[in-house]
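Asker: how would this look folded up:
(one chain, ligands or ions: 1)
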Amino acid sequence: MPNSPPIIGLVGGIGSGKSTVAGILAEQGCLVVDSDQLARQALEQPEIRDRLVSWWGSAILDADGRIDRSKVASIVFSSLDERKRLESLVHPWIEKQRLSLFESAPPKTLALVIDAPLLIEAGLIAQCDAVLYIDTDRETRLARLVKSRNWDEKELARREDSQLPLDDKRSIAHHIVENKGDLQSLTEIVRQVLREIINSHRP
Ligand code: ATP
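Answerer: Coordinates of the predicted model:
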């Protein structure tokens, strides 16, 4: 689309601050699409729910007839085939929603932001004009996650094992956003990077 705002993708380690950066970008006038939220909404769509029940039976529903996400999670985390089957159903729906949200962005939107934990793994990098790597050392991430999510070292390691190595994520990025300080310094860094992206995107 001519004159369309740049698309920014966020990558980084688990708990590095991707959602926090997305929040700062939203405050600055960007439109953020949160893939986790869309994934939750996908499971509420009647056609998707019915398909999942046809695959895995009504035991995946809760007492209100809605998909019980923890039951789906235990199925797809124990079988790669089932995970791929779920993704092939849900990803096109998420993609359609993302595009329609981007198309309905207000005219003054500075940038469009994809906040997707598996941005690279899901092949969304190709859509991005700029990729930001949120750089936060493991010790800091763990300390923040212990505090905010009550996780421990094992929980972080378990989740990290299923993701691409951080060096791979970092090497794909166009900008490194250091998130070792407080929220104020993070905000300053993000504002500066956003300015650079907008300036270099101008025709
Ligand atoms: P996930 O990988 O699980 O999607 P994430 O990369 O989106 O996580 P956030 O949820 O943004 O990470 O941040 C993890 C935690 O660290 C949150 O509680 C957040 O408030 C906190 N946090 C992030 N950046 C900072 C900072 N600069 N100062 C203090 N706390 C921070």
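Asker: you'd agree residue 38 is up against residue 96?
Answerer: No - using Cβ atoms under 8 Å, residue 38 is not in contact with residue 96; the gap is 9.7 Å. To be clear about C-beta, it is placed using only N, CA and C from the backbone, and glycine gets the same treatment.
Asker: up against the ligand, what does the protein have?
Answerer: Within the chain, the positions adjacent to the ligand are 12, 14-20, 117, 144, 148, 179, 182-183, 186 by Cβ under 6 Å from any ligand atom.
Asker: mind checking which of those are in strands?
Answerer: Secondary structure from DSSP state E places residue 12 of the residues of the chain next to the ligand in strands.
Asker: make a ChimeraX selection of the buried ones in the residues of the chain next to the ligand.
Answerer: Only the buried entries of these go into this ChimeraX selection, using 16 or more other Cβ atoms under 10 Å:
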select :12,14,15,16,17,18,19,20,117,144,179,186
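Asker: so which one among the residues of the chain next to the ligand has the lowest pLDDT?
Answerer: Within the set of the residues of the chain next to the ligand, pLDDT is lowest for residue 117 (80).
Asker: test my guess that it contacts residue 34.
Answerer: No - judged on Cβ under 8 Å, residue 117 makes no contact with residue 34 at a distance of 10.1 Å.
Asker: just to revisit the earlier point, more neighbours, residue 38 and residue 96?
Answerer: residue 38 (19 against 11; other Cβ atoms under 10 Å).
Asker: tell me where this structure has helices.
Answerer: Per DSSP state H, the chain carries helices over the ranges 18-27, 35-42, 46-56, 69-78, 80-103, 138-149, 153-161, 166-172, 183-201.
Asker: tabulate these (a markdown table), appending distance to residue 111.
Answerer: What follows is the helices of the chain, written out as a markdown table (distance: least, Cβ to Cβ, whole Å):
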| stretch | distance to residue 111 |
| --- | --- |
| helix 18-27 | 7 |
| helix 35-42 | 16 |
| helix 46-56 | 30 |
| helix 69-78 | 30 |
| helix 80-103 | 11 |
| helix 138-149 | 25 |
| helix 153-161 | 28 |
| helix 166-172 | 18 |
| helix 183-201 | 6 |
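Asker: buried deepest among these, which one?
Answerer: Neighbour counts (mean count of other Cβ atoms under 10 Å) averaged over each of the helices of the chain peak at helix 18-27, with a mean of 20.
Asker: so what secondary structure elements neighbour it?
Answerer: strand 7-12, strand 31-34, strand 112-115, strand 130-135, helix 183-201 (3 or more Cβ pairs under 8 Å, 6 or more residues apart in numbering; DSSP states H and E).
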